[in-house]
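> coordinates for the following, if possible.
(one chain, ligands or ions: 2)
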Amino acid sequence: MKVTVIGSGYVGLVTGACLADIGNDVLCLDIDIEKIAALKAGEISIYEPGLSDMVRINVAAGRMRFTTDVELAVQHGHLQFIAVGTPRGEDGSADLQYVLSAARAIGEMMNDARIVVNKSTVPVGTAAKVSQIIKDTLSGRGLDLDFAVVSNPEFLKEGAAIEDFMRPDRIVIGSEDTAATDTLKRLYAPFERNHTKLMLMDSRSAEMTKYAANAMLATRISFMNELAMLAEKVGADIDQVRRGIGADPRIGTHFLYPGCGYGGSCFPKDVQALIRIGADHQVPLRVLGAVEAANEAQKHVLAAKISERFGENLVGRHFAIWGLAFKPNTDDMREASSLVLIRYLLNAGATISAYDPAASQEARRVISISEAMQFSDNAMRALEGAHALVLVTEWKEFRSADLDAITSKLLTPIVFDGRNIFDPTQAREAGLEYFCIGRP
Ligand SMILES: NC(=O)c1ccc[n+]([C@@H]2O[C@H](COP(=O)([O-])OP(=O)(O)OC[C@H]3O[C@@H](n4cnc5c(N)ncnc54)[C@H](O)[C@@H]3O)[C@@H](O)[C@H]2O)c1
Ligand SMILES: O=c1ccn([C@@H]2O[C@H](COP(=O)(O)OP(=O)(O)O[C@H]3O[C@H](CO)[C@@H](O)[C@H](O)[C@H]3O)[C@@H](O)[C@H]2O)c(=O)[nH]1
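Ligands and ions are numbered 1, 2, ... in the order given. As a prediction, this is how the structure comes out:
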């Protein structure tokens with residue numbers, strides 16, 4: 001099928017590459033001229049395992065192209081995917097300006113029937129708004145062309161995006177138009193060979209499903225983070241508790257890992273957006289208010305442990321940080337817990353040597369480098385002269401780190417493990433003073 005993807009960021013590129021990979025003719029549009037120039041030159045600005053190769057292969061096969069030409073893009077695809085950003089507005093609600101301007105562009109340029117598929121995470125009722133804008137724009141041009149707007153939220157995780165798109169748990173299609181639904185069923189058929197993954201519903205339910213999924217996952221994490229803090233006080237081990245409750249299939253094992261707070265481009269903004277939607281409809285979402293507040297507090301948990309151990313004044317103290325990205329396998333720094341920690345350490349007068357396998361370049365962009373804030377290109381070298389190691393992101397390479405080597409490299413052998421990746425007994429046997437989250 002001929003597919004246009006509007007917005008060539010994380011979701012747009014992955015959607016474009018995966019749809020091209022199964023044989024569609026994909027044109028990716030972006031308003032960012034530099035981004036498209038780089039993509040045309042074969043450069044992908046985001047770190048996402050497998051994405052570069054998939055784009056390269058599909059570009060070489062002639063199934064995937066890039067453009068900034070809106071007219072060309074709208075005329076290319078019978079299917080117009082919208083995958084533009086929906087950042088947090090000032091009041092916490094989703095800022096729809098990019099989605100609505102994409103809708104306007106479609107209305108301005110289409111000369112033939114189109115199916116508009118919204119992949120961006122949007123408030124309930126956005127499909128109707130998009131539909132109205134296209135209708136109004138068309139009537140401004142004196143045209144009455146056939147089109148449908150479908151909600152098709154995306155559930156991919158950064159760092160596992162290709163796998164999530166290619167082997168989805170479910171494909172949600174929210175549509176009021178039977179013909180558009182049938183076209184999308186055909187488009188997605190290769191991803192759901194056993195026909196159990198496709199979920200058809202109305203567009204409002206589809207839009208709400210996306211927020212509900214992220215809010216539920218964030219709730220599990222905040223719940224476990226608060227219990228971890230309690231476990232520390234009552235002398236329980238949150239990891240045993242996690243295993244104990246996860247064995248109940250009604251609870252399950254996923255997303256129960258306590259840590260130093262959730263970040264990323266989705267959970268924080270989507271929880272806030274859903275709270276806002278509730279407030280707009282006089283339905284206070286109290287649970288989610290608590291989820292957000294608990295997460296804000298959890299982002300300070302490492303700072304609290306450091307100040308308890310070293311005191312408030314950290315002048316003359318040097319800290320190594322392992323992991324800067326909001327999670328492993330990405331270079332995304334949006335709402336990363338490392339940013340809260342770094343701000344605290346620098347304000348308290350400490351110096352830092354930070355290492356991340358992929359996010360250092362992005363971190364340099366968002367954190368101003370100073371004499372106090374240095375980046376290291378090697379995990380073990382970052383430990384030199386440090387009074388403690390603070391682990392913020394659980395990259396695989398840290399899991400198998402040599403604990404004896406950490407002990408001998410550090411100036412004082414102290415580790416604050418914000419993701420519970422080391423075994424406390426082994427860490428202490430290696431001579432480390434070891435602090436983690438919710439474990440004795
Ligand atoms: N990042 C994720 O893991 C993820 C997963 C699922 C859903 N989502 C949702 O998908 C949406 C996109 O997220 P993202 O992370 O890909 O965003 P992003 O910021 O990485 O990319 C958005 C792109 O859209 C472009 N753009 C903006 N307006 C445009 C327009 N009118 N025409 C063409 N291009 C335009 C921007 O220049 C940018 O390159 C958001 O609603 C997000 O919440 C994100
Ligand atoms: O048990 C856990 C699991 C995750 N996290 C943290 O939660 C955040 C988000 O992680 P993850 O969900 O893996 O990454 P995202 O790429 O943000 O993906 C989420 O947000 C996307 C955008 O909406 C959705 O598509 C995905 O389904 C949803 O998992 C990260 O900071 C993790 O460190 C924890 O603290 N404990």
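> ok but E207 is inside a strand, no?
No - counting by DSSP: H, G, I helix; E, B strand; the rest coil, E207 is located in no strand; its state is helix.
> burial check on the closest residue to it other than its chain neighbours, number of neighbours?
Excluding the flanking residues, the one nearest E207 by Cβ to Cβ, 6 or more residues apart in numbering is V124, at 4.7 Å. In short, each C-beta sits where N, CA and C put it, glycine included. Using other Cβ atoms under 10 Å, the number of residues around V124 comes to 20.
> mind checking how far V124 is from ligand 2?
Taking Cβ to the nearest ligand atom, to the nearest Å as the measure, V124 and ligand 2 are separated by 16 Å.
> who's in contact with that residue?
R204, E207, M208, I277 (Cβ atoms under 8 Å, 6 or more residues apart in numbering).
> surely the first one is in contact with S175?
No - here R204 does not reach S175: they are 11.0 Å apart, not a contact under Cβ atoms under 8 Å.
> which neighbours do those two share?
S151.
> the two: who's more crowded?
Taking other Cβ under 10 Å, R204 and S175 do not tie; S175 has more neighbours (24 against 17).
> I'd say the more buried one and T181 touch.
Yes - judged on Cβ under 8 Å, S175 makes contact with T181 at a distance of 4.6 Å.
> does S131 touch S151 like I think?
No - S131 is not in contact with S151 according to Cβ under 8 Å; the separation is 10.7 Å.
> up against ligand 2, what does the stretch 101-250 of the chain have?
With Cβ under 6 Å from any ligand atom as the criterion, the stretch 101-250 of the chain meets ligand 2 at residues T121, E154, F155, L156, K157, E158, N214, L217, I221.
> flag every buried residue along the helix or strand where the last one lies.
Spelled out, that is I221. Using DSSP states H and E, I221 sits in helix 203-234. Across helix 203-234, burial judged by 16 or more other Cβ atoms under 10 Å covers 203-204, 206-211, 213-215, 217-229, 231-232.
> what residues does whichever helix or strand comes after it touch?
Sequence order places helix 238-246 as the next helix or strand after helix 203-234, per DSSP H and E. With Cβ under 8 Å, 6+ apart as the test, helix 238-246 has contacts from 224, 227-228, 231, 251-253, 256-258, 420, 437-439.
> quick one: low-confidence ranges for the stretch 201-350 of the chain?
Along the stretch 201-350 of the chain, no part satisfies pLDDT under 70.
> in it, what residue lies closest to ligand 1?
Across the stretch 201-350 of the chain, the shortest distance to ligand 1 (Cβ to the nearest ligand atom) belongs to S265, at 4.9 Å.
> what's the closest non-adjacent residue to that residue?
Closest to S265 by Cβ to Cβ, 6+ apart is R334, at 4.5 Å.
> which phi and psi does that neighbour have?
Dihedral angles of R334 (phi, psi; degrees, to the nearest 10) stand at phi -60, psi 130.
> which parts of this structure sit against ligand 1?
6-12, 29-32, 35, 83-86, 98, 101-102, 120-121, 154, 156, 158, 265-266.
> those residues in strands, which ones?
Within those, residues falling in strands by DSSP state E are I6, L29.
> which residues in the protein form strands?
2-6, 25-29, 64-67, 79-82, 114-118, 147-151, 171-174, 198-201, 318-322, 351-355, 373-375, 388-391, 414-417, 433-435.
> show the contacting residues for the residue of the stretch 201-350 of the chain closest to ligand 1.
Y10, E158, D332, R334, E335.
> repeat that for G349.
By Cβ under 8 Å, 6+ apart, the neighbours of G349 are N313, L314, V315, G316, R317.
> rerun that using 6 Å as the cut-off
For G349, the contact set (Cβ atoms under 6 Å, 6 or more residues apart in numbering) comprises L314, V315.
> how close does E335 sit to I133?
Note on E335: its distance to I133, by Cβ to Cβ, to the nearest Å, is 30 Å.
> looking at the stretch 101-250 of the chain, what residue ends up closest to ligand 2?
E158 (3.6 Å).
> what's the neighbour count on that residue?
Count around E158 with other Cβ under 10 Å applied: 25.
> settle this for me: it is touching N329, isn't it.
No - assessed by Cβ atoms under 6 Å, E158 is found out of contact with N329, at 7.4 Å.
> contacting residues for the nearest residue to A290 once chain neighbours are set aside?
The shortest distance from A290 to any non-neighbouring residue, by Cβ to Cβ, 6+ apart, is to S222 (7.2 Å). Neighbour list for S222: V291, A294, N295 [criterion: Cβ under 6 Å, 6+ apart].
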